[in-house]
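Q: show me the folded form of this:
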Amino acid sequence: MNDISHVNTQLMTRVEPIFAITLLAIAFILYLNRAQIRQSWLNLRTRYCLNNLGLEQLNNIECPAHLGHDFSIERLLLRHDGLTLIIYKKYPGRIFCSENIAEWTQMLGLKSYPFKNPLFELNYQIKAISACLGGIPVNGYLFFDHTAEFPKGLPKQVMSPDKVPPELQLNNRHKVETRVMAAWKMLQQANLK
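A: Residues are numbered from 1 along each chain as shown. Got it, this is the predicted structure:
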């Protein structure tokens, strides 16, 4: 009996340092990769946020425009009282913008990059889908992820994972209006073709 106890003590004496070294190695690797781990976590959080907006979603819908060319709606959400278009913009850095100016500015470090005001395209798509749906309320938002900062504030039609409008949060308490559901079913059928 004493021999078994002695063997167990020797085994534990050998295992404890190996276990401690393994834990230290894991902690060191996690420490070295903390920025990548944080980035992966934030990307996962962004995908989760996008996928849980509205009551239901349709993605990549082809919509015939009445102005001469087709376009694709990235994400369309069902709300209890209408539909919402979402356009995901991947612009890291500081974004300086306003609703009615022609160009917005992206600052990455000390460099600035102008880009067309994406609200104009969003509003064009809202008008086009509204024309197809005959009176169903349609609104829209630009979605910027965690890599974008807005030092001067967010325009009304811009949201982020931390600033989701209450009407877009997953909410089953409201019953979807009949005419809204009929339009949604029509879009689902058109999207399947």
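Q: contacting residues for the most centrally placed residue in the chain?
A: Residue closest to the average C-alpha location in the chain (CA atoms, centre = their mean): Leu50, at 3.6 Å. Contact partners of Leu50, counting by CB atoms under 8 Å, 6 or more residues apart in numbering, are Arg75, Ile86, Tyr88, Phe143. (C-beta placed from N, C-alpha, C; glycine too.)
Q: what's the closest non-adjacent residue to the second one?
A: In space, and not counting its chain neighbours, Ile86 is closest to Arg75: 4.1 Å by CB to CB, 6 or more residues apart in numbering.
Q: may I see the buried residues of the strand or helix carrying that neighbour?
A: Assigned by DSSP states H and E, Arg75 belongs to strand 70-78. By neighbour count on 16 or more other CB atoms under 10 Å, the buried set for strand 70-78 is Phe71, Ile73, Glu74, Arg75, Leu76, Leu77, Leu78.
Q: need phi/psi at the closest residue to Glu121 other than its chain neighbours.
A: Leaving aside its sequence neighbours, Glu121 sits nearest to Ile87 (CB to CB, 6+ apart; 7.4 Å). Dihedral pair for Ile87: phi -120, psi 120, per degrees, to the nearest 10.
Q: Ile87: neighbouring residues, count only.
A: 18 (other CB atoms under 10 Å).
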